[in-house]
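Engineer: Structure of the sequence below:
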Amino acid sequence: MLPASIQITGELLSAAEVQDICESLKEDGVRLLSVRGCQLSDRDFGRVCASVAESRSLAQLNLNLGVVSSISRTRHLADALKTNRSLQTLFLHGSPLLDAGLVALNPALSTHPTLVCLDLGDCMLGEEALALICGMLPPDGAKSGLRELTLSANPRIGSKGWARFAIAVAHSSQLRVLNLDYNPLGKPIPEPTEQPVQLLGSDDVLLSPGDQIAAMLAVAVASSRTLEVLDLEGTGLTNQSAQVFLDMVENYPTSLRVLVLAENDISPELQQQISDLLSEGEEEDNREAPPSLRGHASSTEKHQPLPWLPHSNSGPPMVLLTSGLGESLLAETEM
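Structural biologist: Have a look, this model is predicted:
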């Protein structure tokens, strides 16, 4: 019998229900386990983690919306991930991990042999946690790393942390999808304020701290041979950021296919220009690809297509003017 899916949202789980889940995991009968927003005792959470450790079929685990609610639960999960060898996708969106939680999880996350998709959105992470996440994006040839990473809504991270993160993205050998939406990218930490800096070659254009980080991310995108989706919705960017991205996609080859700039102070005209250029780049890639691969792989994958597909929906190249990248099986949506 093929492994099944267990999806429960926002319920109080009884000991009997937890026992059924554990037995299915131990019997390798579960491929997808989602207990999103559910309540269960610490003892039962530990039982589920112990069963996750034993499972050889579990590929996707959704513990979104506060299921991992304490450092003790975080440690239980870390112990499970050290033993598990099948998990590919882990969602912890809305868990109060803090930096201490990421420190506890990091040894298991950074060495897990099959984990490629990680959601740490709204986990109250700071500079220390982001430094550890940079280690999950190893440079070319070092080791396998994350292909899809969500860090949405972690406002404790400051501009210095994001600058360091941009360098890691530039050198990552695997990352395809990066969601940074609803982060105040220009937030200075620990300095109280930062003065805007003058854009080189202009006497009257200033870059805000957020625009500075966006410029660094544009350089990272230009350097990356794999990044296809970048979500910067609601990150406090301006037309200056958009102009940097426009120059990047206009003058340099890139794997980028989707750029989300909704809910920023950026003109629709600039967003449309970027979208048009991304579309033109994809059309050129398709013309160059062999007929059997046209429309199915980016220029960096033409001869080595990978079986993994991003959980974020990947449509045609675009700059999204509205919220979100679309629903997916394990995205932070009702299931």
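Engineer: Verify the stated contact: residue 18 with residue 47.
Structural biologist: Yes: Residue 18 is within contact range of residue 47, at 6.0 Å (criterion: C-beta atoms under 8 Å). C-betas here are computed from N, CA, C, even on glycine.
Engineer: any idea where the helices of this structure begin and end?
Structural biologist: Taking DSSP state H to define them, one finds helices in the chain at 15-26, 42-54, 71-83, 98-111, 127-134, 159-171, 209-223, 239-251, 268-288.
Engineer: how about those in TSV, adding mean neighbour count and mean pLDDT?
Structural biologist: Output for the helices of the chain, formatted as TSV (neighbours: other C-beta atoms under 10 Å; pLDDT from 0 to 100):
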stretch	mean neighbour count	mean pLDDT
helix 15-26	16	96
helix 42-54	19	98
helix 71-83	19	98
helix 98-111	18	97
helix 127-134	19	96
helix 159-171	20	93
helix 209-223	23	88
helix 239-251	20	92
helix 268-288	16	76
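Engineer: Any chance of CSV for the ones you listed, columns distance to residue 149?
Structural biologist: Output for those, formatted as CSV (distance: least, C-beta to C-beta, whole Å):
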stretch, distance to residue 149
helix 15-26, 26
helix 42-54, 21
helix 71-83, 16
helix 98-111, 11
helix 127-134, 7
helix 159-171, 9
helix 209-223, 13
helix 239-251, 19
helix 268-288, 21
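Engineer: who wins for proximity to residue 8 among those?
Structural biologist: Each of the helices of the chain has some distance to residue 8 by C-beta to C-beta; the shortest is helix 15-26, at 8.0 Å.
Engineer: quick revisit: residue 258: which of the helices of the chain is closest?
Structural biologist: Relative to residue 258, the nearest member of the helices of the chain by C-beta to C-beta is helix 268-288, separated by 7.7 Å.
Engineer: what's near enough to touch the closest residue to residue 273 other than its chain neighbours?
Structural biologist: Of all residues not flanking residue 273 in the chain, residue 246 sits nearest, at 5.7 Å (C-beta to C-beta, 6 or more residues apart in numbering). Neighbouring residues of residue 246 by C-beta atoms under 8 Å, 6 or more residues apart in numbering: 270, 273, 274, 277.
Engineer: again, only using 10 Å
Structural biologist: Going by C-beta atoms under 10 Å, 6 or more residues apart in numbering, residue 246 touches 218, 239, 270, 271, 273, 274, 277, 319.
Engineer: ok, so of these, who is nearest residue 175?
Structural biologist: Distances from residue 175 to these, taken as C-beta to C-beta, are shortest for residue 218 (15.2 Å).
Engineer: Might one say that that closest one is in contact with residue 245?
Structural biologist: Yes: Residue 218 is within contact range of residue 245, at 5.2 Å (criterion: C-beta atoms under 10 Å).
Engineer: okay, and the common contacts of those two?
Structural biologist: Contact with both residue 218 and residue 245 is made by residues 230, 254, 256, 259, according to C-beta under 10 Å, 6+ apart.
Engineer: Pick out the lowest-pLDDT one from those residues.
Structural biologist: Lowest pLDDT of those: residue 254, 88.
Engineer: do you know how far it is from residue 90?
Structural biologist: As judged by C-beta to C-beta, to the nearest Å, residue 254 and residue 90 stand 28 Å apart.
Engineer: next one: residue 146
Structural biologist: To residue 90, residue 146 is 10 Å away according to C-beta to C-beta.
Engineer: between those two, what contacts are shared?
Structural biologist: Between them, residue 146 and residue 90 share these contacting residues under C-beta under 10 Å, 6+ apart: 109, 115, 116, 117, 118.
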